[in-house]
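Student: I'd like to go over a predicted model; first the sequence, then the structure.
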Amino acid sequence: MAQQQSRKQLLKEPDEFLSASQHIWTWVTEHRSRAGAIAGAAVGVLLLAVVTKALIERSRVKRDEAVSTAVARLGQVTTGAPPADLVSEFGQLAKKYDSAPAGQVARYLEAGALGAGGDADKARQAYEQVRGKSAKGDLGSLAGVALAYLELSQGRDDAALTAFQALLEDKESVLPRAQIMMEIAGIEEKRGKSAAALEAYRDVLAKYPDGSWAADAKTRVQALSGKGTPAS
């Protein structure tokens, strides 16, 4: 119990969110080469768990009920990209309720569906719209996360690095900081910036020595520094 409480204090995240983020991190790592799919699925598990519940609880007016119904349909899609009619439905709902929170939820989910279907350009535009209208809310933060992974999945490393660095500066980011730092380190390593990558991995170890990403960070420090044993 003490170890669990220590971890929660260290990462400053609820256990439920941490578990979801770890699941997402594993998925992203295993499917990093699947262009477009990351944008739709990287935060999908967390989004559906949080937003669906909130929407259903607030379904007192027609717009919330309509978006809740579409979200429920999305939750039934277990493999592949969402059907075209559902993507279109999210787009219509987003346009119809553009000034309401439910409309921004619809826009976010439209972006994820577009990304999963391989339309990265339209997905990027939709995520940026959500960020513009929900900049100070959780949905805006989620859009920033999804946009960062979209850029990463498209091989746009410079854009991805900028996006993850922005997330690191966002104290309200819904993504654990250690995870953001690992992504930054990975991008720097991919770009051939070994010194910057090594510094970033060591920073993860220094700030989150008992976190879930410590083992991976140690492995990369060992590889980049050429030491015989992982750094502590």
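Tutor: Looks like it arrived, so ask away. Everything numeric here is computed off the predicted structure, so don't read it as measured data.
Student: need the contact list for Gln129.
Tutor: Applying C-beta atoms under 8 Å, 6 or more residues apart in numbering to Gln129 gives the contacts Arg107. In short, each C-beta sits where N, CA and C put it, glycine included.
Student: run the last query once more with 10 Å
Tutor: For Gln129, the contacting residues are Ala94, Asp98, Gln104, Arg107, Tyr108, Glu110, Ala111, Ala143, by C-beta atoms under 10 Å, 6 or more residues apart in numbering.
Student: For it, give me phi and psi.
Tutor: Dihedral angles of Gln129 (phi, psi; degrees, to the nearest 10) stand at phi -60, psi -40.
Student: Any figure for the gap between it and Ala70?
Tutor: As judged by C-beta to C-beta, to the nearest Å, Gln129 and Ala70 stand 17 Å apart.
Student: hang on, Pro83 packs against Arg73?
Tutor: Yes: here Pro83 lies in contact with Arg73, judged by C-beta atoms under 10 Å, at a distance of 8.7 Å.
Student: shared neighbours, the two?
Tutor: Contacts common to Pro83 and Arg73, judged by C-beta under 10 Å, 6+ apart, are Glu89.
Student: now the helices for the chain?
Tutor: 2-11, 15-30, 37-41, 44-57, 62-75, 84-96, 101-116, 120-133, 138-153, 157-169, 177-190, 194-207, 214-225 (DSSP state H).
Student: Would you format those as CSV with mean pLDDT included?
Tutor: Shown next, in CSV, are the helices of the chain (pLDDT from 0 to 100):
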stretch, mean pLDDT
helix 2-11, 38
helix 15-30, 45
helix 37-41, 44
helix 44-57, 50
helix 62-75, 76
helix 84-96, 91
helix 101-116, 85
helix 120-133, 90
helix 138-153, 84
helix 157-169, 93
helix 177-190, 92
helix 194-207, 95
helix 214-225, 92
